[in-house]
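[1] missing the sequence, but the structure's below:
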Ligand SMILES: Nc1nc2c(c(=O)[nH]1)N[C@H]1C(S)=C(S)[C@@H](COP(=O)(O)OP(=O)(O)OC[C@H]3O[C@@H](n4cnc5c(=O)[nH]c(N)nc54)[C@H](O)[C@@H]3O)O[C@H]1N2
Ligand SMILES: Nc1nc2c(c(=O)[nH]1)N[C@H]1C(S)=C(S)[C@@H](COP(=O)(O)OP(=O)(O)OC[C@H]3O[C@@H](n4cnc5c(=O)[nH]c(N)nc54)[C@H](O)[C@@H]3O)O[C@H]1N2
Ligand SMILES: [Mo]
């Protein structure tokens, strides 16, 4: 290969993931954000029995009592929150909102923690400090003047079970089920697809299952960055010679080689462990075809040699096998190869490995869900596992990698736009008001209602709603058209600055901070990816004495909005045990909640599939039929159209940008790049380092991102990748998975054209 020209900030990374680089990056994060004497002590308290739950990812810890587990990105999440930097009323007085909007997302959050409740003052175009109770009173007044279906209640998955439960209680007593939440942009296909397949929308494996699994298939997730503590688990599995088969259009270093910073030997010898035994760089959006190909081979192997499928399990525990098999039979290899970008021998290789394994785990993330067929993808993964009875036995099951650290818990305690009748009935019995039963808005529908002028107010329990959603060109102005926006957050972000007629920003306690209420020190609870519920208690002195806890803020707004409320808001916030009592009364699986949460490690919520019980309408697990492979092949083969994947860098947490590097992908000090396959670049006459424009191929409007630097990367032909949230201008709001409403952030059809600058 000829030497590529030098491009500023682009230097291929040749080492393993983890290792000394991770230790150095942790030291840097501490240096940038905190007093370095305090920091190590704070980090030691992460995920300890009496400490706080890591606000980073939702990967579990062994009984939450392990010795300090090193995690670079966990350390970044903690230091970002526990930073010593502050953004004060004096700062706001000196900086107009118009000037703040010129700053990057990185600069906005890097200014530090919010210290005071703020109200927007239009005359001076600044935020100024406001009294909490005055603010609540005004918000209550506005909300009472609106019809409940004109108000959207957004939740980002960092909120605790207690905060989220109070929030849904408030919105429901107020009169709406409009609960857009970050899950709608994330694992909604899991929440919609898995209940149809196995009767519950959650993963079925526990950490112990990884100790006895014989095969791991990893599809569309990047744990080295997004679930770093999972790397320890994969590292151990690899050392036991468990094959790990990866499907990912991009080469992700952590899925190739990893040096465990906890391993003295690897650190001392600069050694590392291979992670993937086989790495398939399929096309973006090619998973459904690949999964169908693997299963087509399995059916053929069963017909030829027998003993491949678990016939007893299929007969006793499943429905729909015949239609499923007939569909596989009817799917042409030509289409499977074209739509997946993989060859038949590739898929045969996987089928053979799968047929050999007595216990298989499939792990998956956003590469599976954020597609216009996200739900179908999830169901096909369940089908693959069902074929060999890989549910309800040790070492086997499905493992969705959840997003925010408590996104699964938020859902469990009632943040859903489609509540079940049973849940509403229990709320009515426990709380004495009749909640609405019509379906409300999810995230995309909420934004559409705002664009259409139907929604008049938006409340956000955390998050960065407008920036996280697609189609910034439409969603940013929609924020400004609202009568009211209210944000509960720890740090300033762009959504806060897209001010409505009236806007309030409320600073809240973070997970790391001490939460004192009138009955004493409080702890909150969270649910991890494996349905373990445990307590978390912050210890740090709050960033400012003005901060309130999320439950207290929600209760404050509720009391001011609902003069005839049936809920004892003050009592609930005085002692969170009382909130947990209400959760126990209204959500199944929380029996004896307050006692069980005091046991170190907490408890596991019921997961019927682990006992081979299927809470589906038929009482059995259900195979699915996905008939779209031919259309996928046609779409993917369209001339001059590439598939854009939007991804996270190593130095970011969703819309929070910690720093400007993406070390493992060899990008330093910048984010304005487009990852391209070298052959695609040659075909389009683009050279490494050229400036390009990206245009979405969509009827009607032209969506464009200009002046991006194209760089050569190991990515499947026909797929390109750029960073989120910058690339959100290119994602059409209505380009969603119809079953779940999740935006297709990972398969946007685009054209790449040489920019005017070259
Ligand atoms: N440090 C850190 N931790 C995080 C987050 C963070 O931003 N930073 N975010 C949190 C949240 S909310 C979430 S949801 C998770 C996200 O965690 P992930 O699911 O790992 O999310 P992404 O980085 O978006 O990328 C997923 C991977 O899918 C691959 N991919 C893209 N398209 C396809 C495809 O069509 N098929 C296949 N097979 N693969 C594809 C990409 O190359 C990438 O490696 O992490 C959580 N944890
Ligand atoms: N193009 C593209 N878009 C995407 C994705 C993608 O892969 N590609 N991924 C999607 C996914 S998976 C998700 S989950 C969403 C994320 O969407 P969100 O959850 O809305 O976004 P975050 O960036 O996690 O929110 C960051 C803000 O949360 C606030 N915050 C931090 N900690 C706390 C806390 O303890 N309490 C409160 N109240 N606030 C806090 C801070 O003010 C911070 O600015 O984005 C989605 N958008
Ligand atoms: Mo997410």
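    Done, it's in. Every value quoted in this text rests on a predicted model; they were computed, and no experiment measured them. Numbers count the residues shown, from 1 in each chain. Ligands and ions are numbered 1, 2, ... in the order given.
[2] what mean pLDDT would you report for the host helix or strand of residue 191?
    Secondary-structure assignment from DSSP states H and E places residue 191 in helix 188-198. Regarding helix 188-198, the rounded mean pLDDT is 97.
[3] Could you identify the helix or strand that succeeds that helix?
    helix 209-212.
[4] So for that following helix, mean pLDDT?
    When the per-residue pLDDT values of helix 209-212 are averaged, the result is 97.
[5] what sits up against the helix holding residue 191?
    By CB atoms under 8 Å, 6 or more residues apart in numbering, the residues outside helix 188-198 that reach it are 183, 200-202, 204, 368-369, 374-379, 382-383, 386, 391, 398, 400, 411, 442, 609, 614-616, 621-624, 737, 739-742. For every residue, glycine as well, the C-beta is placed using N, CA and C.
[6] so of these, which ones are in helices?
    Among the contacts of helix 188-198, the members falling in helices are 368, 369, 374, 375, 376, 377, 378, 379, 382, 383, 386, 411 (criterion: DSSP state H).
[7] where along the stretch 1-150 of the chain do the helices fall?
    For the stretch 1-150 of the chain, the helices defined by DSSP state H, counting those that start in this stretch occupy 19-33, 39-44, 72-81, 89-94, 97-100, 105-110, 132-145.
[8] what residues does this protein put near ligand 3?
    Counting by CB under 5 Å from the ion, the residues of the chain close to ligand 3 are 186, 403.
[9] Show me the chain divided up by domain.
    Residue ranges for each domain of the chain read 1-20+187-402+607-758, 86-178+406-518+551-606, as given by automatic domain parsing.
[10] Now render those domains as CSV, adding mean neighbour count and distance to residue 56.
    Formatted as CSV, the domains of the chain follow (neighbours: other CB atoms under 10 Å; distance: least, CB to CB, whole Å):
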stretch, mean neighbour count, distance to residue 56
domain 1-20+187-402+607-758, 20, 7
domain 86-178+406-518+551-606, 20, 10
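[11] Now distance to residue 71 too, for the ones you listed, in TSV please.
    Below are those laid out as TSV (distance: least, CB to CB, whole Å):
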stretch	distance to residue 71
domain 1-20+187-402+607-758	5
domain 86-178+406-518+551-606	15
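[12] how about the helices of the stretch 1-150 of the chain in CSV, adding distance to ligand 1?
    Converted to CSV, these look like this (distance: least, CB to the nearest ligand atom, whole Å):
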stretch, distance to ligand 1
helix 19-33, 11
helix 39-44, 15
helix 72-81, 4
helix 89-94, 27
helix 97-100, 23
helix 105-110, 12
helix 132-145, 28
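[13] which of those helices has the lowest average pLDDT?
    Taking each of the helices of the stretch 1-150 of the chain in turn, the lowest mean pLDDT turns up on helix 39-44, with a mean of 65.
[14] So which of the domains of the chain is nearest residue 30?
    For these, proximity to residue 30 was assessed by CB to CB; domain 1-20+187-402+607-758 is nearest, at 11.9 Å.
[15] What sits closest to the single nearest residue of the chain relative to ligand 3 if chain neighbours are left out?
    The chain approaches ligand 3 most closely through residue 403 (2.4 Å), counting by CB to the ion. If the residues on either side of it in the chain are set aside, residue 403 comes closest to residue 186, at 4.6 Å by CB to CB, 6 or more residues apart in numbering.
[16] same thing with residue 678?
    Ranked by CB to CB, 6+ apart and with sequence neighbours excluded, the top spatial neighbour of residue 678 is residue 712, at 4.7 Å.
[17] again, but for residue 737
    Beyond its immediate neighbours in the sequence, the residue positioned closest to residue 737 (CB to CB, 6+ apart) is residue 374, lying 4.0 Å away.
[18] Would you map the strands across the stretch 301-450 of the chain?
    Assigned by DSSP state E, counting those that start in this stretch, the strands in the stretch 301-450 of the chain fall at 318-319, 360-364, 397-400.
[19] What pairs with the shortest one, parallel or antiparallel?
    Based on DSSP bridges, the pairing partners of strand 318-319 within the sheet are strand 621-622 (parallel).
[20] Let me see the residues that make contact with the following helix or strand past the strand it pairs with.
    Counting by DSSP H and E, the element after strand 621-622 in chain order, helix or strand, is helix 629-636. Contacting residues not belonging to helix 629-636 are listed as 283, 285-286, 288-289, 292, 331-332, 334-336, 338-339, 341, 373, 643, 718, 749 [CB under 8 Å, 6+ apart].
[21] same thing but at 7 Å, please
    283, 285, 288, 289, 292, 331, 335, 336, 338, 339, 718 (CB atoms under 7 Å, 6 or more residues apart in numbering).
[22] what packs against the strand or helix carrying the fifth one?
    For residue 292, the enclosing helix or strand under DSSP H and E is helix 287-305. Here helix 287-305 touches helix 321-330, helix 333-340, helix 344-356, helix 374-387, helix 629-636, going by 3 or more CB pairs under 7 Å, 6 or more residues apart in numbering; DSSP states H and E.
[23] do you know which of these lies nearest ligand 2?
    Between ligand 2 and those, the tightest spacing by CB to the nearest ligand atom is seen for helix 374-387, at 11.4 Å.
[24] just the angle between that closest one and strand 360-364, please?
    An angle of 170 degrees separates the directions of helix 374-387 and strand 360-364 when computed by axes from the mean of the first three to the mean of the last three CA atoms, to 10 degrees.
[25] quick one: is helix 374-387 near ligand 2?
    No. Residues of helix 374-387 contacting ligand 2 under CB under 6 Å from any ligand atom: none, with a closest distance of 11.4 Å.
[26] Stretch 639-652 and ligand 2, are they touching?
    Yes. Under the criterion of CB under 6 Å from any ligand atom, stretch 639-652 makes contact with ligand 2 via residue 646.
[27] Centre of the chain to that stretch, how far?
    Centre-to-centre, stretch 639-652 and its host chain are 16 Å apart (CA atoms, centre = their mean, to the nearest Å).
[28] what does that stretch rub up against?
    Residues from elsewhere that reach stretch 639-652 (CB under 7 Å, 6+ apart): 225-226, 249, 283-285, 657-664, 671, 680, 694, 697, 718-724, 727, 730-731, 745-752.
[29] Could you give the separation between the terminal residues of stretch 673-684?
    Across its full length, stretch 673-684 reaches 17 Å between end residues, using CA to CA, to the nearest Å.
[30] do the same with stretch 387-397
    Terminal residues of stretch 387-397 lie 12 Å apart, using CA to CA.
[31] Please apply the same query to stretch 630-646.
    Comparing the first residue of stretch 630-646 with its last one, the separation is 24 Å (CA to CA).
[32] cool, and stretch 367-381?
    The first residue of stretch 367-381 is 13 Å away from its last residue (CA to CA).
[33] Give the rounded mean pLDDT of that stretch.
    In this model, stretch 367-381 has a mean pLDDT of 98.
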